[in-house]
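Next come a sequence and a model predicted from it.
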Amino acid sequence: MVTPVRVVIGVCLLAPFVAMLWVGSYAKTDPAFIGIPFFYWYQMAWVLISTALTAIAYRLWQRDQRARKGGAGK
């Protein structure tokens, strides 16, 4: 069953893939950040963003599963 929470979970998990597979959007050197070309710091920023989005998706999934089971368990 597709619910709004599951759509948000899907977006959280899909966003990093789209961001990294769309190479044309970040295949450049400017703007540099503390001397690091855009190409590199963009990818490293997505490592942190992906971690946060995966954690959010996991928490939402746990909440959804608890709601489906009637709130039982931890």
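Yep, that arrived. Keep in mind the model is a prediction, meaning the values are calculated, not measured.

contacts, neighbours, all on C-alpha from now
Will do.

show me what contacts residue 26?
38, 39, 42 (C-alpha atoms under 8 Å, 6 or more residues apart in numbering).

Counting residues, name the longest helix you see in this protein.
helix 38-68 (DSSP state H).

buried residues in it?
38-39, 41-42, 46, 50, 53-54, 56-57, 60-61, 64 (16 or more other C-alpha atoms under 10 Å).

list the contacts for the most centrally placed residue in the chain?
Residue closest to the average C-alpha location in the chain (C-alpha atoms, centre = their mean): residue 53, at 3.5 Å. Listed by C-alpha under 8 Å, 6+ apart, the contact set of residue 53 reads 12, 13.

Which pLDDT value belongs to it?
Each residue has a pLDDT score; the one for residue 53 is 97.

ok, it to residue 27 distance?
Using C-alpha to C-alpha, to the nearest Å, residue 53 is found at 23 Å from residue 27.

low-confidence ranges in this structure?
For the chain, the stretches flagged by pLDDT under 70 are 71-74.

that older thread, need the contacts of residue 26 in TSV (columns: distance to residue 19).
Formatted as TSV, the contacts of residue 26 follow (distance: C-alpha to C-alpha, whole Å):
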residue	distance to residue 19
38	14
39	12
42	10
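
nearest to residue 10, of those residues?
residue 42 (22.1 Å; C-alpha to C-alpha).

Where does residue 15 sit, in terms of helix or strand?
Residue 15 is part of helix 4-21, with elements assigned from DSSP states H and E.
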